[in-house]
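Peer 1: with the sequence up front, the predicted model follows.
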Amino acid sequence: MSQATVRIPAPLRSFTGGAAEVAVEGDTVGEVLRSLSEIHSGLKQQILTDKDGVRDFVNIFVDNKNIRSLAGLESPVTEDAVIYIVPAVAGGGS
């Protein structure tokens, strides 16, 4: 299994005890995210659907490549990969 670093955005750090990065093992993005959510309760509901798909308002990147343009949650994870969880940011104009 590969070990990846998952970068946790500020809005989700309450689920990781304030940690901005978490090292997690897994051979695919899906395995890494499921392992992460087992370690940090409540995080899964924020990033994955009930059917283990990525929520529409969340983007996941592996080494700066969006997994939606790769193999989704089946995208392979190499040793020392960096996975970024990027929730959508909404704002209004004046």
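Peer 2: Yep, it's here. Every value quoted in this text rests on a predicted model; they were computed, and no experiment measured them.
Peer 1: restricting to C-alpha, output the helix of greatest length in the chain in CSV.
Peer 2: Scanning the chain for the helix with the most residues, using DSSP state H, yields helix 29-39. C-alpha atoms of helix 29-39 as CSV (Å, rounded to 0.1, in the frame of the first residue of the first chain):
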residue,chain,number,x,y,z
VAL,A,29,-8.1,7.7,-3.9
GLY,A,30,-11.3,5.9,-2.7
GLU,A,31,-9.3,3.6,-0.4
VAL,A,32,-7.4,6.6,1.0
LEU,A,33,-10.7,8.6,1.6
ARG,A,34,-12.4,5.6,3.2
SER,A,35,-9.4,5.0,5.5
LEU,A,36,-9.3,8.7,6.4
SER,A,37,-13.0,8.7,7.3
GLU,A,38,-12.5,5.6,9.5
ILE,A,39,-9.8,7.4,11.4
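Peer 1: so for it, mean pLDDT?
Peer 2: In this model, helix 29-39 has a mean pLDDT of 95.
Peer 1: so which bits of that helix are buried?
Peer 2: 29, 30, 31, 32, 33, 34, 35, 36, 37 (16 or more other C-beta atoms under 10 Å). Where you see a C-beta, it was placed from the backbone N, CA and C, and this is true even at glycine.
Peer 1: thought the fourth one was touching residue 23?
Peer 2: No: proximity of residue 32 to residue 23 does not meet the contact threshold set by C-beta atoms under 8 Å, at 10.0 Å.
Peer 1: what touches both of those two?
Peer 2: Shared contacts of residue 32 and residue 23 (C-beta atoms under 8 Å, 6 or more residues apart in numbering): 4, 6.
Peer 1: got the residue ranges for the helices in the protein?
Peer 2: Secondary structure of the chain (DSSP H): helices at 29-39, 43-47.
Peer 1: list the buried residues in the shortest one.
Peer 2: By neighbour count, with 16+ other C-beta under 10 Å as the criterion, the buried positions of helix 43-47 are 43, 44, 46, 47.
Peer 1: how far off centre is stretch 75-94?
Peer 2: 7 Å (C-alpha atoms, centre = their mean, to the nearest Å).
Peer 1: repeat for stretch 3-17
Peer 2: On C-alpha atoms, centre = their mean, the centre of stretch 3-17 falls 8 Å from the chain's centre.
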